[in-house]
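J.: okay, structure incoming, though there's no sequence with it:
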């Protein structure tokens with residue numbers, strides 16, 4: 001049971017829930033950036049929650065079914081065809097043996113998720129099949145000609161399932177451990193401004209451009225542990241939201257931390273998109 005990679009697109013990686021709990025060993029967590037979209041894909045196909053899927057980035061990918069498979073595409077909406085026949089997003093579709101599955105460019109958002117019944121069964125590394133693009137732990141990014149093993153389907157398909165959460169107005173944030181480095185109104189200043197997503201954003205961090213966050217301290221901060229969703233502020237005053245492949249330590253102060261339930265929205269923000277913050281509860 002396998003899928004062959006005809007065209008990997010700009011960046012397609014294998015992702016599951018990642019490898020949390022290994023930061024003390026210097027290992028980033030990785031995992032699907034849009035976790036609700038990946039989880040939905042697995043539920044539709046009755047896969048285990050930790051089954052691996054493919055995460056595409058903007059340009060999609062093209063696969064060939066070596067055997068007959070059921071698949072589903074979630075996340076960023078995109079055109080999907082099987083041997084030229086259009087298929088819907090968010091619903092299971094059948095790919096006969098030898099057919100070509102084209103997952104087209106994202107029409108909005110950034111990352112689409114391609115799941116196959118049985119899951120992508122590449123060998124796990126440190127308990128996860130996720131590709132970490134910071135340290136390149138786990139399977140390499142997809143390449144043309146690669147053949148992906150597929151596991152055994154475990155249940156009946158779900159024709160309908162819980163929809164993904166709605167995108168909220170403003171990412172919820174809580175005060176970070178170094179908010180005092182920016183004065184008493186730092187969180188209010190962050191939440192009062194709109195920021196633009198930068199071109200350098202990736203799976204490591206969402207780089208933002210907007211009003212500068214001014215420090216009230218100019219001494220150096222020793223490197224300390226970083227968490228998913230940390231809003232770190234380099235010397236230029238422009239915040240960076242740490243995502244799944246973030247480094248486990250950092251030396252710039254963290255002014256805030258994004259609510260974990262809102263982080264999936266960062267996965268679907270394109271360069272130039274506007275993003276704002278609001279105080280969490």
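T.: Arrived safely. For clarity, every value in this text was computed on a predicted model and none was experimentally measured.
J.: was I right to think residue 251 contacts residue 226?
T.: No - counting by C-beta atoms under 8 Å, residue 251 stays clear of residue 226, with 9.8 Å between them. Placement of C-beta: from N, CA and C, glycine included.
J.: between the two, who's got more neighbours?
T.: Applying other C-beta atoms under 10 Å to residue 251 and residue 226 shows that residue 226 carries more neighbours, namely 20 against 13.
J.: list the contacts for the more buried one?
T.: Going by C-beta atoms under 8 Å, 6 or more residues apart in numbering, residue 226 touches 232, 242, 246-250, 254.
J.: could you do residue 215 as well?
T.: 181-182, 233, 237, 253.
J.: now residue 260
T.: Residue 260 makes contacts with 228-229, as judged by C-beta under 8 Å, 6+ apart.
J.: for it, phi and psi?
T.: phi -60, psi -30 (degrees, to the nearest 10).
J.: just the buried residues out of the contacts of residue 215, in PyMOL syntax.
T.: In PyMOL, a selection of the buried entries from the contacts of residue 215 looks like this (16 or more other C-beta atoms under 10 Å):
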select buried, resi 181+182+233+253
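J.: could I get the contacts of residue 215 in TSV, plus columns for pLDDT, secondary structure and distance to residue 156?
T.: Putting those into TSV (pLDDT from 0 to 100; DSSP: H, G, I helix; E, B strand; the rest coil; distance: C-beta to C-beta, whole Å) gives the following:
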residue	pLDDT	secondary structure	distance to residue 156
181	92	helix	54
182	90	helix	53
233	95	coil	49
237	93	coil	53
253	96	coil	51
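J.: for the contacts of residue 215, which one is nearest residue 88?
T.: Of all these, residue 88 sits closest to residue 233, with 42.1 Å by C-beta to C-beta.
J.: that closest one touches residue 252, doesn't it?
T.: Yes - under the criterion of C-beta under 8 Å, residue 233 makes contact with residue 252 at 5.9 Å.
J.: what about this structure, any weak spots by pLDDT?
T.: Applying pLDDT under 70 to the chain picks out residues 160-166.
J.: domain map for it?
T.: Annotated domains of the chain cover 2-149, 171-279 [automatic domain parsing].
J.: could you say which one of these comes nearest to residue 159?
T.: domain 2-149 (7.4 Å).
J.: circling back to that earlier point, most tightly surrounded among the domains of the chain?
T.: Comparing the domains of the chain by mean neighbour count (mean count of other C-beta atoms under 10 Å), domain 2-149 ranks first with a mean of 20.
J.: compute the first-to-last residue distance for that domain.
T.: 4 Å (C-alpha to C-alpha, to the nearest Å).
J.: quick check, distance from it to the centre of its chain.
T.: Taking C-alpha atoms, centre = their mean, to the nearest Å, one finds domain 2-149 lying 11 Å from the centre of the chain it belongs to.
J.: what do you get for stretch 202-222?
T.: Centroid separation for stretch 202-222 versus its chain: 22 Å, with C-alpha atoms, centre = their mean.
J.: where does residue 39 fall, helix, sheet strand or coil?
T.: helix (DSSP: H, G, I helix; E, B strand; the rest coil).
J.: likewise residue 195?
T.: Classification of residue 195 using three-state DSSP returns strand.
J.: just checking, it touches residue 213?
T.: No - Residue 195 is beyond contact range of residue 213, at 10.3 Å (criterion: C-beta under 8 Å).
J.: give the residues shared as contacts by the two.
T.: Contact criterion C-beta under 8 Å, 6+ apart; residues shared by residue 195 and residue 213: residue 239.
J.: hang on, the earlier thing: so of the contacts of residue 226, which ones are in helices?
T.: Per DSSP state H, helices hold no members of those.
J.: which ones among the residues you listed are found in strands?
T.: 232, 242, 249-250, 254 (DSSP state E).
J.: nearest to residue 204 among these?
T.: The closest of these, once distances to residue 204 are taken by C-beta to C-beta, is residue 242, at 7.4 Å.
J.: residue contacts, the nearest residue to that closest one once chain neighbours are set aside?
T.: Using C-beta to C-beta, 6 or more residues apart in numbering and skipping residues adjacent in sequence, the residue nearest residue 242 is residue 230, 4.5 Å away. Applying C-beta under 8 Å, 6+ apart to residue 230 gives the contacts 176, 241-242, 246, 250, 254, 257-258.
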